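Pasted the sequence and its predicted model underneath.
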Amino acid sequence: MLSALPLPTATDATDRTAPRLLILYTGGTVGMAVNRHQELVPMHFDKLDRKMPELRQLPYRLELLALPQLIDSSNVTPADWLQLAWLIGQHYADFDGFVILHGTDTMAYSAAALSFLLEHLNKPVVFTGAQVPVGRTRSDATRNLLTALEIAAARHPRARTVRLPEVGVFFNDILIRGTRAKKVESQQFAAFKSENYPPLARAGINLDFNDKSIRLLPAARLRIHDRLEEKVAVLRLFPGITAAVVEAVLSVPGLRGCVLETYGSGNAPTAPWFLACLEKAQQRGVFILNVSQCEEGRVIQGRYETSARLSSLGVIGGDDITTEAAITKLMFVLGLGLSETQIRQQLSQDLRGEITL
């Protein structure tokens, strides 16, 4: 098991009443520094307290664990998600909360994947990162990390239970559920949004939690899932899409599932060739999950004629799930080894707050 490195803070390591938090560093902009040629290079993150002296003022017991091979988030794979889930499982009993430093490009995918892999989670797992490296002026890294740590350490004033017993994404003063996050900005600090579900918390002068929106589950033993089905695809419809394109995606050898990004409330072409492609895929055992291209709203199959045929063909309506959550949910459910009926049931129902009930 990888060893965590203690970070100096205002709290003595022997103070057992102070929250003990683990920072998992995977890579990304947040850990970049500027060299003498003004180039961005990976920073030695064991020097984190030098770059962020504010950490020394925190009343927590902090430890840092960096992956042996740091990952540019564009290179993240399901194997990396399984490793993160395993690391949290290995350290789960020793820490009160976890903060994962991650690149922004695929952070929403990773947060959704961890949400599904960590079943019965009852401790905070907060993803955060930065648009500007910590080594540069006007970096958002320090503020994002400090607040993410505060969220991971937060307790209810009276009950003393954790405030966030689920996976979240904190960025630019907003905490979003892990299965609801979507990256929407590459040039501004407000990189993430949750269009179909309210933020779980907002950070201003005070840290204000929206307790009604946070999932509270009965206490249960954490279950770490260790398999994801990678033979999945995303097919985004557009006017003028051809049979050759649709067939190329749906006929990939060994394909198990496909997220179909449709128009509006789940509408798709009614051309015979298109419906025939879907039917052939279904007959080969490919599960098709219908997700709207709209950031807001939801899929309502059958509302219009252009979506009614999808239901009759066995396409599964994804309701208001995001594409990021849909593809990771498909990987997760297909990796459980369930029957066809069970797979359809799991894909249709809310598992980790990814669908609005």
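Okay, I see it.

Give me the helix or strand of this structure that scores worst on average pLDDT.
For the chain, counting by mean pLDDT, DSSP states H and E, strand 40-42 ranks last in confidence among helices and strands (a mean of 63).

Now the most centrally placed residue in the chain: which helix or strand?
Nearest to the mean C-alpha position of the chain, counting by CA atoms, centre = their mean, stands residue 111 at 1.8 Å. Assigned by DSSP states H and E, residue 111 falls within helix 107-117.

which other helices and strands contact that helix?
Judged by 3 or more CB pairs under 8 Å, 6 or more residues apart in numbering; DSSP states H and E, helix 107-117 is in contact with helix 78-91, strand 125-128, strand 167-171, strand 182-183, helix 323-334. For glycine as for every other residue, the C-beta is placed from the backbone atoms N, C-alpha and C.

now the helices: where do they sit in this structure?
Along the chain, the stretches classed as helices by DSSP state H are 48-51, 78-91, 107-117, 141-153, 243-250, 272-283, 305-312, 323-334, 340-348.

Point out the most buried one among the ones you listed.
Per-residue neighbour counts averaged over each of the helices of the chain give the maximum for helix 107-117, namely a mean of 28 (mean count of other CB atoms under 10 Å).

dump the residue contacts of the residue lying closest to residue 278 once chain neighbours are set aside.
The shortest distance from residue 278 to any non-neighbouring residue, by CB to CB, 6 or more residues apart in numbering, is to residue 313 (5.2 Å). By CB atoms under 8 Å, 6 or more residues apart in numbering, residue 313 lies in contact with 275, 278, 279, 282.

so how far is residue 259 from the last one?
Right, the one you point to is residue 282. 15 Å (CB to CB, to the nearest Å).

Equivalent analysis for the third one, please.
Residue 279 sits 18 Å away from residue 259 when distances are taken as CB to CB.

now residue 240
Plainly put, residue 240 is 20 Å away from residue 259 if you go by CB to CB.

More neighbours: these two, which one.
In this view residue 240 and residue 259 are compared by other CB atoms under 10 Å, and residue 259 has more residues nearby, 24 against 6.

Now for residue 262: which residues touch it?
Applying CB under 8 Å, 6+ apart to residue 262 gives the contacts 237, 268, 290, 291, 292, 293, 299, 307, 310.

Just the buried ones out of those residues, please.
With burial judged by 16 or more other CB atoms under 10 Å, the buried subset of the contacts of residue 262 is 237, 268, 290, 291, 292, 299, 307, 310.

Give me the phi and psi for the first one.
Read it as residue 237. phi -80, psi 150 (degrees, to the nearest 10).

Can you check the pLDDT for the nearest residue to residue 319 once chain neighbours are set aside?
Nearest non-adjacent residue to residue 319, counting by CB to CB, 6+ apart: residue 355, 4.6 Å away. At residue 355, the model reports a pLDDT of 96.

check contacts around residue 355.
Contacts for residue 355 were tallied using CB under 8 Å, 6+ apart; they are 318, 319, 320, 321, 349.

how deep is the nearest residue to residue 294 once chain neighbours are set aside tucked in, by neighbour count?
Once its chain neighbours are removed from consideration, residue 294 has its nearest residue in residue 264; the separation is 6.4 Å (CB to CB, 6+ apart). Counted with other CB under 10 Å, the neighbours of residue 264 add up to 16.

So residue 264 sits against residue 297, correct?
Yes - the criterion here is CB atoms under 8 Å, and residue 264 meets it with residue 297 at 7.5 Å.

Now do the contacts for residue 243.
Contacts were defined as CB under 8 Å, 6+ apart; by that measure residue 243 touches 273, 274, 277.

what separates it from residue 128, distance-wise?
As for residue 243, its distance to residue 128 is 44 Å (criterion: CB to CB).

ditto for residue 203
The span separating residue 203 from residue 128 equals 11 Å under the rule CB to CB.

circling back to that earlier point, of the contacts of residue 313, which is the nearest to residue 230?
residue 282 (20.4 Å; CB to CB).

who touches that closest one in this structure?
Under the criterion of CB under 8 Å, 6+ apart, the neighbours of residue 282 are 288, 313, 314, 315.

Do I have it right that the last one meets residue 287?
No - in terms of CB under 8 Å, residue 315 does not count as a neighbour of residue 287; the distance is 9.0 Å.

hey, what's in contact with both of these two?
In the contact map built from CB under 8 Å, 6+ apart, no residue is linked to both residue 315 and residue 287.

And the buried ones among the contacts of residue 262, which is closest to residue 28?
Looking across those and measuring by CB to CB, the closest to residue 28 is residue 291, at 26.2 Å.

you'd agree the closest one is up against residue 324?
No - applying CB under 8 Å as the test, residue 291 and residue 324 come out as separate, 9.9 Å apart.

thinking again about what came up before, so how far is the helix holding residue 111 from its chain's centroid?
Computed by CA atoms, centre = their mean, to the nearest Å, the chain-centroid distance of helix 107-117 equals 3 Å.

coming back round to it: next, format the contacts of residue 262 as CSV and append pLDDT and distance to residue 207.
Written out in CSV, the entries for the contacts of residue 262 read as follows (pLDDT from 0 to 100; distance: CB to CB, whole Å):
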residue, pLDDT, distance to residue 207
237, 97, 41
268, 92, 43
290, 96, 37
291, 96, 32
292, 94, 33
293, 94, 34
299, 89, 34
307, 67, 42
310, 90, 43
